[in-house]
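[1] return a 3D structure for these sequence lines:
(one chain, ligands or ions: 1)
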Amino acid sequence: MIKKQLFTPGPTEVPPETLAATARPVLHHRKEGFKKLYFSAVSNLGKIFRSSGEIFILATSGTGAMETAVCNFTSSGDKALVVVSGKFGKRWKELLNTFGVEAEVLNYEWGRPADPGDIKEKLEGRKDIKAVFTTLVETSTGTLHPIEKIASVVKESPAALIVDAVSGLGCDVIETDKWEIDVVVSGSQKALMTPPGLGFICVNKKAKELYEKNERKNYYWDLKKASGRHKNNQVPYTPAVNLIAGLEQSVKMINKEGIENVWERHKMFSEATRAAMDKLGIEVFSESPARGLTAIKIPEGKSFIIKELKEKFGIVVAGGQAHLKGKIARLGHMGYADKSDILKLITALGVIVEDFSGLSAALKAANEIFKKYAK
Ligand SMILES: *Cc1c(COP(=O)(O)O)cnc(C)c1O
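    As a prediction, this is how the structure comes out:
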């Protein structure tokens, strides 16, 4: 027997309490029981987005929430600036192109973070750029973008800032209201430790009129229609009731720990993983590593590690995407993860590459990080 465990940057492990919540009998979505559940899910999500703005829970994956944002915050013929440094930035660009938005692209080498100075330069004197689309964590490379600084330069222009935080929300720091981010998009199956199938859009208080005044017409994915129902803790069509029950359980658990503690825990995981990789002679890929996953360069001649982690130890990690396929492995440590999971991952890697002196040093280095955080 092999016990499987997800160490992927989405989907992620789901707590048993959450799985149990999704298995409860179906509630009718127009009755009081669901309204209470929905209110609790939304209020708890708000504490994680760090926003008193409006939150939409959509029956779709993260990409569906991204598409909904494009459709509700842009119209055909608009201009937008988009940061592309990996697969998910590229997805913004593809979505914008699909919906008739002229996307100006700021390209960065995969693994590099965006430079807020470049965005400032691009926006200077430009009143025609409606929005800047970027990513909190570029999951394809494990890279954190400096969103606080980006927000401070976008604020100086008339453009709105729209951030994909699908893998970043709940592990890397994001302060939607304080940093004045207009729109943040996320999804259920990453650090929010809920099964796949829900997408979220958080609209900062000041940004509400952006979708209210938008010209494009939408039907199912119309935020105006959804917003009208929110006052009564309702959504326009039948929601994914049981996934929302699971979500409600997970976001309550996150807030019980405290979002700031959750951020710290992920910082500890990423530091411990990097310190251990160093001792195993494995290089970290990103120049600006995220907290929820660590992308590593696959060592020369060790292309078997992803397959063997799974086959020998049930540890499921992700490979590289596009041109990084076969070159990197992405180790997820987001959401429902603890220190013993990190030790398990490090140990399995060390055993597979049969570097036992490196492994001993790696475990020591990880433990030093744990001790630092325990203070
Ligand atoms: C996972 C992810 C998405 C969405 O992917 P779905 O498969 O549609 O849920 C979008 N952006 C980022 C940064 C992601 O990590």
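[2] got the contact list for the residue of the stretch 1-150 of the chain at minimum distance from the ligand?
    In the stretch 1-150 of the chain, no residue comes nearer to the ligand than residue 62, which is 2.7 Å away by Cβ to the nearest ligand atom. C-beta here means a position set from N, CA and C on the backbone, and glycine is covered the same way. Applying Cβ atoms under 8 Å, 6 or more residues apart in numbering, we find residue 62 in contact with 164, 166, 185, 186, 187, 189, 190, 199.
[3] swap in 7 Å and give it another go.
    166, 186, 187, 199 (Cβ atoms under 7 Å, 6 or more residues apart in numbering).
[4] low-confidence ranges, this protein, go.
    For the chain, no stretch is flagged by pLDDT under 70.
[5] near the ligand, which residues of it are found?
    Taking Cβ under 6 Å from any ligand atom, the part of the chain that reaches the ligand is made up of 10, 61, 62, 63, 88, 135, 139, 164, 166, 167, 187.
[6] kindly report the domain assignment for the chain.
    Structural domains assigned to the chain are 5-10+259-374, 16-257, following automatic domain parsing.
[7] and the contacts of residue 62, which is closest to the ligand?
    residue 166 (3.6 Å).
[8] name the nearest residue to the closest one, ignoring sequence neighbours.
    In this structure, residue 166 finds its nearest non-sequential neighbour in residue 62, 3.8 Å apart by Cβ to Cβ, 6 or more residues apart in numbering.
[9] before we move on, the earlier item: so can I have TSV of the residues of the chain next to the ligand showing secondary structure?
    Converted to TSV, the residues of the chain next to the ligand look like this (DSSP: H, G, I helix; E, B strand; the rest coil):
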residue	secondary structure
10	coil
61	coil
62	helix
63	helix
88	helix
135	strand
139	coil
164	strand
166	coil
167	coil
187	strand
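[10] most widely separated two among those?
    61 and 135 (15.6 Å; Cβ to Cβ).
[11] and the gap between residue 83 and residue 259?
    Per Cβ to Cβ, to the nearest Å, residue 83 is found 25 Å from residue 259.
[12] which of the two has more residues huddled nearby?
    residue 83 (27 against 19; other Cβ atoms under 10 Å).
[13] which residue sits closest to that one in space, ignoring its chain neighbours?
    residue 134 (4.1 Å).
[14] who touches the helix or strand encompassing that neighbour?
    In this structure, residue 134 sits in strand 129-135 according to DSSP states H and E. If you take Cβ under 7 Å, 6+ apart as the criterion, strand 129-135 is touched by 73-74, 78-83, 88-89, 92, 96, 114, 119, 123, 145, 150, 154, 159-164.
[15] partners of that strand, with directions?
    With DSSP bridges as the test, strand 129-135 is paired with strand 79-84 (parallel), strand 160-164 (parallel).
[16] do a quick rundown of the helices in the chain.
    16-22, 32-49, 62-73, 87-98, 116-123, 147-154, 208-212, 223-230, 241-257, 259-279, 305-313, 339-352, 356-374 (DSSP state H).
[17] packing partners of the longest one?
    Contact analysis of helix 259-279 by 3 or more Cβ pairs under 7 Å, 6 or more residues apart in numbering; DSSP states H and E lists strand 293-297, helix 339-352, helix 356-374 as its packing neighbours.
[18] can you pull the buried residues of the second one?
    Of the residues in helix 339-352, 339, 341, 342, 343, 344, 345, 346, 347, 348, 349, 350, 352 count as buried by neighbour count, 16 or more other Cβ atoms under 10 Å.
[19] count of neighbours near residue 261?
    11.
[20] check residue 275 too.
    18.
[21] how deep is the nearest residue to it once chain neighbours are set aside tucked in, by neighbour count?
    Using Cβ to Cβ, 6+ apart and skipping the chain neighbours, the partner closest in space to residue 275 is residue 365 (3.9 Å). The burial count assigned to residue 365 is 20, neighbours taken as other Cβ under 10 Å.
[22] same thing with residue 206?
    Neighbours of residue 206 under the rule other Cβ under 10 Å: 12.
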